[in-house]
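In: Let me see the structure of the following:
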Amino acid sequence: MFNSSFHTIQTIGQGASTSTLFPNGHNRLIYGDCLAVMQELRPYSFDLIYIDPPFFSGNERRLQHSQKRGPSYDDTWEDGIQEYLDWMETRLVLMRDLLKLDGALFVHLDWHAVHYVKVMLDRLFGMRNFQNEFIWYYSGGGASRTHFARKHDTILYYTRSVKSWKFYADRVREPYKWTDGQLRADGSERDLERGKLPDDVWQQHALLPWAKESLGYPTQKPLELLTRLLLATTDTSDVVGDFFCGSGTTAAAAQQLGRRWVTTDDSRAAICLAAERLAEEVAPGCLTFTEQRSRARAHERYERILAEEERVGVDDKTLAATSLSLQSATGFTVERLLVP
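Out: Prediction:
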């Protein structure tokens, strides 16, 4: 029976239409290794997959204020780049097969290994299915006296089909930088109200620790970045996948835009963090926040998550509060992959 390998731990909010991928009508937050999870899902299930995987950085990344509790995930590779690429390829092959025929894949990396992965994706998807190499430029600190400051990430954009995919540039137009008397190259006037069509360099600050949306997760990406990607490439009720959930940004963007989503992580702390964040999306007010700055809230949050070593999902108090909230949005389940 499909989904027999998954055990539902918590259900938050109401379900929507059921399907093979959503047997109970709820979006899905799954605790388990992404490879094993993807092997349990059917091909041609997703309209879009975005991943923010390990970067081959050689670091152990920790949650803020959790230095004594071990890494939140390990990005070290004993056998070097080939071990990393073999690990990535096994997972990217499954992601390709999970995409619908007009589906798209976004792979978010940085300078460490992006060029190796692009060559791999050219082979797996075909060079003609490469659409863009996005540059996400984030100014700020981190200047160097030994080389030019590394201030951008790269997002590789591939489609499964060479003929058909979704793309809506008008949804993500940008303001013109020059508005005083500047004409188009052909001499026509600019439509200043609509703005200009986006290009493949997006300038936006990285998430600052004191930002309201900051959860203290070491690799958390801005919600606006994922919102723009989903707006430009998906329709309402499309299915979005993210198999390196982290703080749950992709799922949060999909939830706000009315897309269906499935997201996974093999870190219990990440699953608890994402569950709390998504519960607040579905049932606003279910979490008790202090009036402290984001850094202080992150410290308080992680102390609770790390102390409750058996918890997967939200705590009992939050779960009870979700049942008292007006839940008009599609809810979600927290699930665990059952390992034989």
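In: mind giving me the domain split of the protein?
Out: Structurally, the chain divides into domains by automatic domain parsing as follows: 6-166+200-337, 171-199.
In: okay, those in TSV with mean pLDDT and mean neighbour count next?
Out: Just so you know, the C-beta spots here come from the backbone N, C-alpha and C atoms, and that holds for glycine as well. Listed next are these as TSV, based on pLDDT from 0 to 100; neighbours: other Cβ atoms under 10 Å:
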stretch	mean pLDDT	mean neighbour count
domain 6-166+200-337	90	18
domain 171-199	75	10
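In: Do you have the strands of the stretch 1-150 of the chain handy? List them.
Out: With strands called from DSSP state E, counting those that start in this stretch, the stretch 1-150 of the chain shows them at 6-12, 27-31, 46-51, 60-61, 73-74, 99-109, 130-137.
In: who wins for proximity to residue 163 among those?
Out: The closest approach between residue 163 and any of those, judged by Cβ to Cβ, belongs to strand 99-109 at 8.8 Å.
In: so where's the longest helix in the chain?
Out: In the chain, assigned by DSSP state H, the helix with the most residues is helix 81-98.
In: Who are the packing partners of it?
Out: helix 34-39, strand 46-51, strand 99-109, helix 114-125 (3 or more Cβ pairs under 8 Å, 6 or more residues apart in numbering; DSSP states H and E).
In: Just checking the distance from stretch 16-29 to the centre of its chain.
Out: The chain centroid and the centroid of stretch 16-29 are separated by 19 Å under Cα atoms, centre = their mean, to the nearest Å.
In: Could you tell me the end-to-end distance of it?
Out: With Cα to Cα, to the nearest Å applied, stretch 16-29 spans 15 Å between its terminal residues.
In: which residues sit against it?
Out: 2-3, 8, 11, 13-15, 41-42, 45, 239, 245, 248, 251, 254-255, 260-264, 271, 274-275, 278, 313, 330-335 (Cβ atoms under 8 Å, 6 or more residues apart in numbering).
In: next one: stretch 265-277
Out: 10, 12, 29, 31-34, 63, 66, 72-73, 215, 217, 244-248, 251-252, 263, 287, 301-302, 305-306, 308-309, 311-314, 318, 334.
In: if we go to 7 Å?
Out: Residues from elsewhere that reach stretch 265-277 (Cβ atoms under 7 Å, 6 or more residues apart in numbering): 29, 31-34, 63, 72-73, 215, 217, 244-248, 251-252, 287, 305-306, 311-314, 318, 334.
In: Among those residues, which lie within helices?
Out: 34, 251, 252, 305, 306, 318.
In: For those residues, which two are the farthest from each other?
Out: Among the ones in helices among the contacts of stretch 265-277, 34 and 318 lie farthest apart (Cβ to Cβ), at 25.5 Å.
In: returning to that earlier point: the strands of the stretch 1-150 of the chain: which one's closest to residue 282?
Out: Proximity to residue 282 (Cβ to Cβ) singles out strand 6-12 among the strands of the stretch 1-150 of the chain, at 5.7 Å.
In: Kindly export that closest one (C-alpha atoms) in CSV.
Out: Extracted in CSV, the C-alpha atoms of strand 6-12 (Å, rounded to 0.1, in the frame of the first residue of the first chain):
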residue,chain,number,x,y,z
PHE,A,6,5.4,6.5,6.8
HIS,A,7,4.0,6.9,10.3
THR,A,8,2.1,10.0,11.0
ILE,A,9,3.2,11.6,14.3
GLN,A,10,1.1,14.8,14.3
THR,A,11,-1.6,16.4,12.2
ILE,A,12,-1.9,20.2,12.2
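In: which other helices and strands contact that strand?
Out: Helices and strands touching strand 6-12, by 3 or more Cβ pairs under 7 Å, 6 or more residues apart in numbering; DSSP states H and E, are strand 332-337.
In: relative to strand 27-31, how tilted is the strand it packs on?
Out: 30 degrees (axes from the mean of the first three to the mean of the last three Cα atoms, to 10 degrees).
In: from the chain's centre, how far out does strand 332-337 sit?
Out: For strand 332-337, the distance to the chain centre is 17 Å (Cα atoms, centre = their mean).
In: And for stretch 273-292?
Out: 18 Å.
In: Find the residue closest to residue 30 in space, skipping its chain neighbours.
Out: Take residue 30 and drop its neighbours on the chain: the residue closest to it by Cβ to Cβ, 6 or more residues apart in numbering is residue 264, 4.3 Å away.
In: Let's verify the one you found: helix, strand, or coil?
Out: Three-state assignment for residue 264 (DSSP: H, G, I helix; E, B strand; the rest coil): strand.
In: for the one 10 residues further on, same thing?
Out: Of the three states, residue 274 takes helix under three-state DSSP.
In: Please name the residues that touch the most centrally placed residue in the chain.
Out: Against the mean C-alpha coordinate of the chain, by Cα atoms, centre = their mean, the closest residue is residue 250 at 3.3 Å. Residues near residue 250 by Cβ under 7 Å, 6+ apart: 50, 226, 240, 242, 263.
In: go with 10 Å
Out: By Cβ atoms under 10 Å, 6 or more residues apart in numbering, the contact list for residue 250 reads 48-52, 106, 108, 221, 223, 225-227, 229-230, 240-244, 259, 261, 263, 274.
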